[in-house]
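Engineer: Give me the fold of what follows.
(chains A and B, ligands or ions: 2)
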2 protein chains.
Amino acid sequence: MTPERYQRIRAMLDARQTDLTVCMENVHKPHNLSAIVRTCDAVGVDHVHAVWENYQDEIRRGTATGSQNWVKVHNHENIDDAVAAMRNSGMQILATNLSESAVDFREIDYTKPTAILMGQEKYGISDKALSLADQDIIIPMVGMVQSLNVSVASALILYEAQRQREIAGMYQAPSMVDKTEQNRILFEGGH
Amino acid sequence: MTPERYQRIRAMLDARQTDLTVCMENVHKPHNLSAIVRTCDAVGVDHVHAVWENYQDEIRRGTATGSQNWVKVHNHENIDDAVAAMRNSGMQILATNLSESAVDFREIDYTKPTAILMGQEKYGISDKALSLADQDIIIPMVGMVQSLNVSVASALILYEAQRQREIAGMYQAPSMVDKTEQNRILFEGGH
Ligand SMILES: C[S@@+](CC[C@H](N)C(=O)[O-])C[C@H]1O[C@@H](n2cnc3c(N)ncnc32)[C@H](O)[C@@H]1O
Ligand SMILES: C[S@@+](CC[C@H](N)C(=O)[O-])C[C@H]1O[C@@H](n2cnc3c(N)ncnc32)[C@H](O)[C@@H]1O
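Structural biologist: Ligands and ions are numbered 1, 2, ... in the order given. Below is the predicted model of the structure:
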């Protein structure tokens, strides 16, 4: 491994936000999956969750998420399992939802451990997912279309989290990634 | 037209930001074009520009942009014509560019009349476009991937503009759309 590459991976590890994640509920278009995972990497999210209820194994194993070696995708059979995993890590669970009762996404404190649930392209988030969440959030819109593209919506929320965490010094703090994992990534990244 | 629909269109017209636009330079994947136009509508951008140098008429006339009746797409043969049109409207021209000299996109004052140039999916923005712009801007990234998806990048910048304009009261000001145009849209929207 060149010294430049070593430095690059080290800097990435230092910036990782292990207590921030996204859960995609039946998001299934490859270009959306890939754009979301790419944005996760860009803001330092290293683990994401995906629930696949009605989709086939081709998508689950698809290159869309598989190609992104630097972000680990955890697959779940259903939303209960996914939310349980995130609650276990002490995260607040936010559901993106186009409802009257949802609060503006910028009002949330994203410096807390946070999981953001994103809904399926056509049908949005399930009632089950909504009932499991602590809070509904919405991105304000003033036009005629009813919703944003799901990868766009994910990015707006993740970058609001990035903005708040940058101000809070969370990208300058010691790496949140545990030592064994850091060594594994540095080792594999060199090959 | 129902009173609800009339109110919906009126509210949309009141929120339109006629002095904010996007110019897509050879962006050609239909899902990206459509996501960008959708985000434009959501923040109140009513006119966008597209430069098509190497792509065929199928894309130009594609449903991707054509389906979005509420946002007008202006096609240009080359970037000079596109930038000239935007300069004519007194806009600052910002080029999104992954360079060392680009400033953080959040440092820009988007309450000024503003055009944002977005680059092609694979090759990014052209040298010509860069030379015509007033300023390069970049969205910070702390991961291993080199760039964001173009519709994601557009949305992050447009919503930063929305945030600043909201604070400045620009969404509460009298409609920026001229009266004749308002009447035309209200008329057509009823059919
Ligand atoms: C295309 S939308 C689904 C629209 C669906 N008809 C509905 O009513 O939920 C796909 C996903 O993108 C996200 N999304 C889109 N627009 C959003 C907004 N304005 N605020 C919050 N999330 C949004 C949500 O996760 C949503 O489930
Ligand atoms: C996939 S990128 C093109 C990458 C290309 N290899 C390059 O070096 O420019 C497509 C477009 O998305 C926008 N973009 C992507 N990531 C960006 C970032 N971090 N900051 C600003 N614009 C970005 C730019 O408009 C860019 O031209």
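
Engineer: close to ligand 1, is stretch A:11-22?
Structural biologist: No. Figure legend: stretch A:11-22 not in contact with ligand 1 (C-beta under 6 Å from any ligand atom); closest approach 9.8 Å. Glycine gets a C-beta too; all of them are placed from N, C-alpha and C.

Engineer: starting at the chain centroid, how far to that stretch?
Structural biologist: Centroid displacement of stretch A:11-22 relative to its chain, using C-alpha atoms, centre = their mean, to the nearest Å, is 11 Å.

Engineer: And for stretch A:4-13?
Structural biologist: Relative to the chain's own centre, stretch A:4-13 is displaced by 22 Å; criterion: C-alpha atoms, centre = their mean.

Engineer: Please point out which parts of that stretch sit buried.
Structural biologist: Of all the residues in stretch A:4-13, those buried under the rule 16 or more other C-beta atoms under 10 Å in any protein chain shown are A:9, A:12-13.

Engineer: Equivalent analysis for stretch A:26-34, please.
Structural biologist: Residues A:26-29, A:31-34 are the ones in stretch A:26-34 that count as buried (16+ other C-beta under 10 Å).

Engineer: wait, which of the residues you listed is closest to residue A:53?
Structural biologist: Nearest to residue A:53 out of these is residue A:26 (C-beta to C-beta; 5.8 Å).

Engineer: The nearest residue to the closest one once chain neighbours are set aside pairs with what?
Structural biologist: Distances taken as C-beta to C-beta, 6 or more residues apart in numbering or on different chains place residue A:120 nearest to residue A:26, at 4.0 Å, with adjacent residues excluded. On the basis of DSSP bridges, residue A:120 is bridged to residue A:124.

Engineer: Does residue A:120 touch residue A:28 like I think?
Structural biologist: Yes. Residue A:120 lies in contact with residue A:28 (C-beta atoms under 8 Å); the separation is 7.1 Å.

Engineer: Any figure for the gap between residue A:7 and ligand 2?
Structural biologist: Residue A:7 sits 20 Å away from ligand 2, going by C-beta to the nearest ligand atom, to the nearest Å.

Engineer: Please apply the same query to residue A:53.
Structural biologist: Remark: distance between residue A:53 and ligand 2 (C-beta to the nearest ligand atom) = 31 Å.

Engineer: Could you do residue A:74 as well?
Structural biologist: For residue A:74 relative to ligand 2 (C-beta to the nearest ligand atom), the value is 26 Å.

Engineer: and that residue, that one's in a strand?
Structural biologist: Yes. Counting by DSSP: H, G, I helix; E, B strand; the rest coil, residue A:74 falls inside a strand.

Engineer: How many neighbouring residues does it have?
Structural biologist: Close neighbours of residue A:74, defined as other C-beta atoms under 10 Å in any protein chain shown, add up to 15.

Engineer: Quick check: closest non-adjacent residue to it.
Structural biologist: Nearest non-adjacent residue to residue A:74, counting by C-beta to C-beta, 6+ apart: residue A:49, 4.9 Å away.

Engineer: Verify the contact between that neighbour and residue A:24 for me.
Structural biologist: Yes. When contacts are counted by C-beta under 8 Å, residue A:49 is listed as touching residue A:24 (7.1 Å).

Engineer: Mind checking which of the two has more residues around it?
Structural biologist: More crowded of residue A:49 and residue A:24, by other C-beta under 10 Å: residue A:24, with 26 against 22.

Engineer: Looking at the buried residues of stretch A:4-13, which is nearest residue A:161?
Structural biologist: Ranked by distance to residue A:161 (C-beta to C-beta), those are led by residue A:12 at 17.2 Å.

Engineer: Tell me which residue in chain A sits closest to ligand 2.
Structural biologist: The minimum distance from chain A to ligand 2, using C-beta to the nearest ligand atom, falls at residue A:42 (7.1 Å).

Engineer: contacting residues for that residue?
Structural biologist: Contact analysis of residue A:42 by C-beta atoms under 8 Å, 6 or more residues apart in numbering or on different chains lists B:139, B:141-143, B:145, B:148.

Engineer: Over to residue A:133?
Structural biologist: Taking C-beta under 8 Å, 6+ apart, we find residue A:133 in contact with A:83, A:93-95, A:117.

Engineer: just to revisit the earlier point, okay if I get the buried residues of stretch A:26-34 as JSON lines plus secondary structure?
Structural biologist: Shown next, in JSON lines, are the buried residues of stretch A:26-34 (three-state DSSP):
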{"residue": "A:26", "secondary structure": "coil"}
{"residue": "A:27", "secondary structure": "coil"}
{"residue": "A:28", "secondary structure": "coil"}
{"residue": "A:29", "secondary structure": "coil"}
{"residue": "A:31", "secondary structure": "helix"}
{"residue": "A:32", "secondary structure": "helix"}
{"residue": "A:33", "secondary structure": "helix"}
{"residue": "A:34", "secondary structure": "helix"}
